[in-house]
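>>> based on what follows, work out the 3D shape:
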Amino acid sequence: MTAPLLAGFLLGLSLILPIGAQNAFVLRIGLRGEHVLAVCLTCALSDAVLILAGVSGFAQLSARVPWAETVLLYGGAAFLLAYGGRSFMAALGSASLRPAEAAPDSLGRVVLTCLALTWLNPHVYLDTVVLIGSISTQFDGGKGWFAAGAMTASFVFFFSLGFGARLLKPLFARPVTWRLLDVTIGLIMWATAARLLLNRSTG
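Numbering: from 1, shown residues only. You can find the predicted model right below:
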């Protein structure tokens, strides 16, 4: 039990740690203190569903619907480009000058954005469904524990990032820091979109 659980946890953590569009979004939500629980739950539960699908053998279906990858890729790239542009505009707007007084986004809008950043990213399927699903086959009889470990890693990471972001609030009391965060998020979104499109063109 312990070996597959730990292996799943470490693999899940290693896949989710690198900064990406989803992590940057969770960080910003945590810093603003808006709908943090909902966002962390949305990210962690989405990962759990995908991991469960991968361990259950859902990855084999990708060969039967080859068009799905293309739709996800271009749809995800378009969304990332649009959200990145929104972040750049925010860095230039009044919201960055007065972050504490910026109007909060609605719960529905925040959750929908979070879902889009998660489910429109083809890499999340490669990491959770394909990679974790493939490696789970090495744990004959312990696939369930391996999946549980990977799911636990997602919950630990997202809740730590979302609720731990408040520790950085003193740093973000200065408007210029929010400007830098928005610019950084915009760059991450655009770099992720570029990587998706470039990998497609060279693949």
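
>>> name the residues that touch stretch 148-158?
Here stretch 148-158 makes contact (C-beta atoms under 8 Å, 6 or more residues apart in numbering) with 4-13, 16-17, 26, 39-40, 43-44, 47-48, 51-52, 128, 132. Placement of C-beta: from N, CA and C, glycine included.

>>> for this structure, which residues score under the pLDDT cut-off?
Scanning the chain for pLDDT under 70 picks out the ranges 1, 18-19, 58-69, 72, 94-104, 173, 199-203.

>>> on that earlier part again, buried ones only from the contacts of stretch 148-158, please, as a ChimeraX command.
Applied in ChimeraX, the following selects the buried portion of those according to 16 or more other C-beta atoms under 10 Å:
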select :4,5,7,8,9,11,12,13,16,26,39,40,43,44,47,48,51,52,128,132
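
>>> now go through the contacts of stretch 148-158 and say which are in helices.
Residues of these located in helices (DSSP state H): 4-13, 16, 26, 39-40, 43-44, 47-48, 51-52.

>>> against Ile185, how distant is the spatially most central residue of the chain?
For the chain, Gln22 is the residue whose C-alpha lies nearest the centre (C-alpha atoms, centre = their mean; 2.9 Å). Distance, Gln22 to Ile185, using C-beta to C-beta, to the nearest Å: 11 Å.

>>> now His123
17 Å.

>>> and the two? which has more neighbours close in?
Set His123 next to Ile185 and count neighbours by other C-beta atoms under 10 Å: Ile185 wins out with 24 against 18.
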